[in-house]
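Peer 1: Sequence plus predicted model, see below.
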Amino acid sequence: MSEPQAKPQAILIVHPLVVRVTHWINAFAMVCMLMSGWAIYNASPIFPFTFPVWATVGGWLGGSIAWHFAAMWLLCANGLLYLAYGLASGHLRRKLLPVHPREVARDAALALRFRLPHDTGRYNAVQRALYLLVLMLGVLLVASGLSIWKPVQFSWLTALFGGFDFARRVHFVAMAGVAGFVVVHLALVLLVPRTLPPMFTGRARRVSHAPREAQERTRA
C-alpha cells in the first residue's frame with residue numbers, strides 16, 4: 001500500500017506591507033494609549049482600584065495626557081490608513097467577512113479543546129469576530145474620548161453617552177475590552193508561534209491551492 005503523498009507547499013505573501021506596518025504602529029500606539037490612560041485614570045479613579053505606577057507612562061497627569069493625545073492622533077491616522085487600504089483593496093472583506101454566529105460558536109468550542117486548526121494568513125470565525133469587535137471598540141473609544149475631552153464643544157455627544165461621568169465609564173469599559181483583546185491576541189501567538197514571523201516578513205509556507213494562491217499573490 002503506497003504512502004499518501006504530501007501536499008505541495010508554497011511560500012506566499014500572507015500579510016501585505018501596508019498591513020504589517022499598520023499592525024506594528026497600532027501595537028505601539030495602543031500600548032501607549034493604555035498605559036497613559038491608566039495614569040490619567042489613577043488621577044481620578046471611578047472604581048475602587050488603581051493601576052500600578054510601573055504600568056503607566058507620563059510620570060504626572062500633564063505628562064500622561066500629552067502621551068495619551070500623541071498616541072491618539074497616531075492611532076487614528078494609522079487606523080484611517082488601514083481602513084482606506086482595507087476597503088480599497090478588498091482586504092477587509094476577504095479577511096473579516098462573513099461572520100456567522102454558528103461558525104463562531106463552532107470554532108470557539110474547538111479552540112477551547114485546543115483542536116482548532118490554524119492556517120497562517122487565514123482567519124477562523126473567532127478571529128474574524130474578535131477583529132470586528134476590536135474595530136467597533138476603537139470607534140467607541142474615540143467617540144467616548146471626544147465626549148470626555150471636549151464635553152462642552154461636543155455636548156451632544158456627551159449627552160448621547162448619558163453625561164460626562166457615564167462617558168468615562170463607557171471609555172473605561174471599551175478600554176478594558178481592547179486590553180482583553182490584546183491579552184487574547186498575545187496568548188494565541190504564544191500558542192501558535194509560527195504566526196509571528198510572517199508579521200515581519202509577510203511570507204509564510206502554506207499548502208498550495210494553485211488557483212486561490214494565484215489570486216492571493218495578485219491581491220497582495
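Peer 2: That came through fine.
Peer 1: residues of stretch 120-130 that come out buried?
Peer 2: By neighbour count on 16 or more other Cβ atoms under 10 Å, the buried set for stretch 120-130 is 120-121, 123-130. Where C-beta positions appear, they are placed from N, C-alpha and C, glycine not excepted.
Peer 1: List the contacts of that stretch.
Peer 2: 12, 14-15, 95-97, 99-100, 103-104, 106-108, 111, 116-118, 131, 181, 184-185, 194-195, 198, 204, 206, 216 (Cβ atoms under 8 Å, 6 or more residues apart in numbering).
Peer 1: How many residues are close by Trp60?
Peer 2: Trp60 is flanked by 10 other residues according to other Cβ atoms under 10 Å.
Peer 1: Roughly how far does it sit from Ser36?
Peer 2: Look at Trp60 and Ser36: by Cβ to Cβ, to the nearest Å, they are 11 Å apart.
Peer 1: can you list the domain ranges for the protein.
Peer 2: Domain assignment for the chain, taken from automatic domain parsing, gives 18-71, 90-220.
Peer 1: what's the least confident stretch among the ones you listed?
Peer 2: For the domains of the chain, the weakest mean pLDDT is recorded on domain 90-220, namely a mean of 83.
Peer 1: for Ala204, phi and psi?
Peer 2: Per-residue torsions, Ala204: phi -150, psi 150 (degrees, to the nearest 10).
Peer 1: That should have said Val57, apologies.
Peer 2: phi -130, psi 160.
Peer 1: three-state assignment of the residue lying closest to Thr158 once chain neighbours are set aside?
Peer 2: The shortest distance from Thr158 to any residue other than its chain neighbours is 4.1 Å, reached at Ser147 (Cβ to Cβ, 6 or more residues apart in numbering). Counting by DSSP: H, G, I helix; E, B strand; the rest coil, the backbone at Ser147 sits in helix.
Peer 1: can you check Gly121 too?
Peer 2: Each residue gets one of three states, and Gly121 gets coil by three-state DSSP.
Peer 1: re the thing from before, among the contacts of stretch 120-130, which are located in helices?
Peer 2: When DSSP state H defines the helices, the subset of the contacts of stretch 120-130 inside them is 95-96, 103-104, 106-108, 111, 131, 181, 184-185, 198, 216.
Peer 1: who's in contact with stretch 178-193?
Peer 2: 30, 34, 114, 118, 130, 133-134, 137-138, 141, 195-196.
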